[in-house]
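Novice: missing the sequence, but the structure's below:
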């Protein structure tokens, strides 16, 4: 019996409609405020990580792989040099970023500086409580015993915080699009936003910008900055000076006391 052979793959002649890519529906600025305020109120140990993924658009692996040597709180800069990922059942802390653009130096806004300083204090306190059980590392985000935070657990904690804050549950990766919403609502130039979001092409940034809802308000952004303890350095200095003057005015004059 002669075997029949087909010289042409007829399956290649069938045209299959490409599935539409689902566009992310990011949080509004108001939703981001609600989420962060709730995390701050309940002293969530991942609060500072949430600030970084929302304000700077860090990816989950990048924020969990962040080390203190990557952060300069004095100059207000952050380097993306590492990632923490579970690959083939092994937790790997690598020094290779996703793209060359991912290795850019990012400026740290006041809200991020405040959050990182808070994280530094929390980690020191955790180290003192754990004592000999503490696992020493340079990682910024660790468990109460100094171990790396599992990426899967980070996702679970993020989902729980969404529920407790009463906001829509979105993917952790979709927070990057919320970051773009914050930047667009602040009228940040697309080229600068491109650097912060670390897109390799300006077209990608512009596509994200076109999805930003127009309902975002500057009032909500001011609320966000206030909730995170942000604000410009000049404003904080003026506020501190005003308090000193008020205290000085309340103190009785020593010379006057001697004369009476």
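Specialist: Sure thing, it's come through. These figures come from a predicted structure and were not determined experimentally.
Novice: Quick check: which helices or strands does the helix or strand containing residue 33 pack against?
Specialist: If you go by DSSP states H and E, residue 33 is part of helix 29-41. In terms of contacts (3 or more Cβ pairs under 8 Å, 6 or more residues apart in numbering; DSSP states H and E), helix 29-41 is packed against helix 47-55, helix 151-165, helix 175-185, helix 218-227. C-betas here are computed from N, CA, C, even on glycine.
Novice: tell me the most buried of those?
Specialist: With neighbours taken as mean count of other Cβ atoms under 10 Å, those reach their highest mean count in helix 47-55, at a mean of 24.
Novice: give me the low-pLDDT residue ranges for the stretch 151-260 of the chain?
Specialist: Along the stretch 151-260 of the chain, segments meeting pLDDT under 70 span 185-188, 210-260.
Novice: One more pass at 80, please.
Specialist: Where the stretch 151-260 of the chain drops to pLDDT under 80, the residues are 180-189, 192-193, 195-198, 207-260.
Novice: Residue 112: neighbour count?
Specialist: 24 (other Cβ atoms under 10 Å).
Novice: If you could redo that for residue 194, that was the one I meant.
Specialist: Neighbours of residue 194 under the rule other Cβ under 10 Å: 23.
Novice: what about it, which helix or strand?
Specialist: Judged by DSSP H and E, residue 194 forms part of helix 190-197.
Novice: quick one on the thing from earlier: out of the helices and strands packed on helix 29-41, which comes closest to residue 129?
Specialist: Proximity to residue 129 (Cβ to Cβ) singles out helix 47-55 among the helices and strands packed on helix 29-41, at 18.1 Å.
Novice: residues making contact with the helix holding residue 194?
Specialist: The contact list for helix 190-197 (Cβ atoms under 8 Å, 6 or more residues apart in numbering) reads 56-57, 104, 106-107, 176, 179-180, 183-184, 188, 202, 204-206, 208-209.
Novice: Separate out the buried members of these.
Specialist: By neighbour count, with 16 or more other Cβ atoms under 10 Å, the contacts of helix 190-197 hold 56-57, 106, 176, 179-180, 183-184, 188, 205, 208-209 as buried.
Novice: Throw those residues into JSON lines and include distance to residue 136, thanks.
Specialist: Formatted as JSON lines, the buried ones among the contacts of helix 190-197 follow (distance: Cβ to Cβ, whole Å):
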{"residue": "56", "distance to residue 136": "26"}
{"residue": "57", "distance to residue 136": "30"}
{"residue": "106", "distance to residue 136": "26"}
{"residue": "176", "distance to residue 136": "31"}
{"residue": "179", "distance to residue 136": "32"}
{"residue": "180", "distance to residue 136": "37"}
{"residue": "183", "distance to residue 136": "36"}
{"residue": "184", "distance to residue 136": "41"}
{"residue": "188", "distance to residue 136": "39"}
{"residue": "205", "distance to residue 136": "39"}
{"residue": "208", "distance to residue 136": "39"}
{"residue": "209", "distance to residue 136": "43"}
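Novice: wait, which of those is closest to residue 128?
Specialist: Ranked by distance to residue 128 (Cβ to Cβ), the buried ones among the contacts of helix 190-197 are led by residue 56 at 29.0 Å.
Novice: ok, the closest residue to that closest one other than its chain neighbours - contacts?
Specialist: Excluding its sequence neighbours, the residue lying closest to residue 56 (Cβ to Cβ, 6 or more residues apart in numbering) is residue 106, at 5.7 Å. Contacts for residue 106 (Cβ under 8 Å, 6+ apart) come out as 56, 77-80, 195-196.
Novice: Out of the residues you listed, which end up buried?
Specialist: Of those, these count as buried by 16+ other Cβ under 10 Å: 56, 78-80, 195-196.
Novice: Distance to residue 66 added to those, as a markdown table?
Specialist: Formatted as a markdown table, the buried ones among the contacts of residue 106 follow (distance: Cβ to Cβ, whole Å):
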| residue | distance to residue 66 |
| --- | --- |
| 56 | 10 |
| 78 | 8 |
| 79 | 9 |
| 80 | 8 |
| 195 | 18 |
| 196 | 16 |
